[in-house]
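Undergrad: Sequence and predicted model, in that order:
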Amino acid sequence: MEKTELMAQIKEEVISLTSSPLCQERIKNGVFPVIGEGDHNASIMFIGEAPGRNEAATGRPFCGAAGRILNELLESAGIERSSVYITNIVKDRPPENRDPLPEEIEEYAPFLDRQIAIIQPTILATLGRFSMEYVMSRYGLAEKLAPISSLHGKVFKGVAPHGPVQVIPLYHPAVVIYGASKKDTLKEDFCVLKKLADIR
């Protein structure tokens with residue numbers, strides 16, 4: 001099957017998911033799951049944590065305030081948003097934008113694993129500590145785990161089913177909303193990401 005068909009199949013499965021309380025919440029509120037968007041042949045895949053209010057309302061990842069910051073960061077590094085793939089571990093919005101629970105990550109993570117297997121990126125850029133912890137644990141880097149304040153902007157070599165993958169933990173763009181001083185840090189980290197993409 002073509003990549004587009006395989007990704008569409010994942011979308012249908014998430015829409016049909018009934019075992020997750022978050023899915024029931026989505027149906028009750030008349031909003032959408034957020035599967036992801038971007039280039040299905042991207043070398044860089046951004047992985048956030050879970051959709052927010054704007055994302056659930058539109059079905060698009062990073063389209064609210066954090067999305068505007070992400071767009072600015074991509075532009076500052078000379079990376080076209082259309083050239084990357086952006087998704088989250090959890091595909092439905094947790095109530096009140098709370099952190100995703102371990103059981104929610106466990107429920108939705110297999111969909112992310114399949115997205116990674118389909119797209120076969122060489123770089124996984126995690127946005128926030130939950131995606132950092134999942135991706136590093138999943139791809140052979142569990143022993144390297146530490147607080148994101150220590151790991152952001154560093155590059156780790158992991159192994160995915162499709163081959164070697166470089167993982168770069170990044171702060172979630174939303175941190176800038178609560179502390180503008182983090183923007184410079186994020187811009188520096190995105191420059192590392194750009195160099196990594198150029199020399200891969």
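TA: Received, thanks. Note that the coordinates shown come from a computational prediction; the quantities given were computed from them, not determined experimentally. Residues are numbered from 1 along each chain as shown.

Undergrad: Skip the chain neighbours and tell me the closest residue to the residue nearest to the spatial centre of the chain.
TA: For the chain, residue 47 is the residue whose C-alpha lies nearest the centre (C-alpha atoms, centre = their mean; 1.3 Å). Computed as C-beta to C-beta, 6 or more residues apart in numbering, the closest residue to residue 47 that is not its neighbour in sequence is residue 131, at 4.5 Å. (Glycine included, C-beta is placed from N, CA and C.)

Undergrad: Would you verify that the residue nearest to the centre of the chain is located in a strand?
TA: Yes: according to DSSP: H, G, I helix; E, B strand; the rest coil, residue 47 belongs to a strand.

Undergrad: show me the contacts for it.
TA: Contact analysis of residue 47 by C-beta atoms under 8 Å, 6 or more residues apart in numbering lists 87-89, 112, 124-127, 131, 135.

Undergrad: confidence score at it?
TA: We have a pLDDT of 98 for residue 47.

Undergrad: Name the residues linked to it by a beta bridge.
TA: As for beta bridges, residue 47 partners with residue 87, residue 126 under DSSP bridges.

Undergrad: mind checking how far it is from residue 123?
TA: 11 Å (C-beta to C-beta, to the nearest Å).
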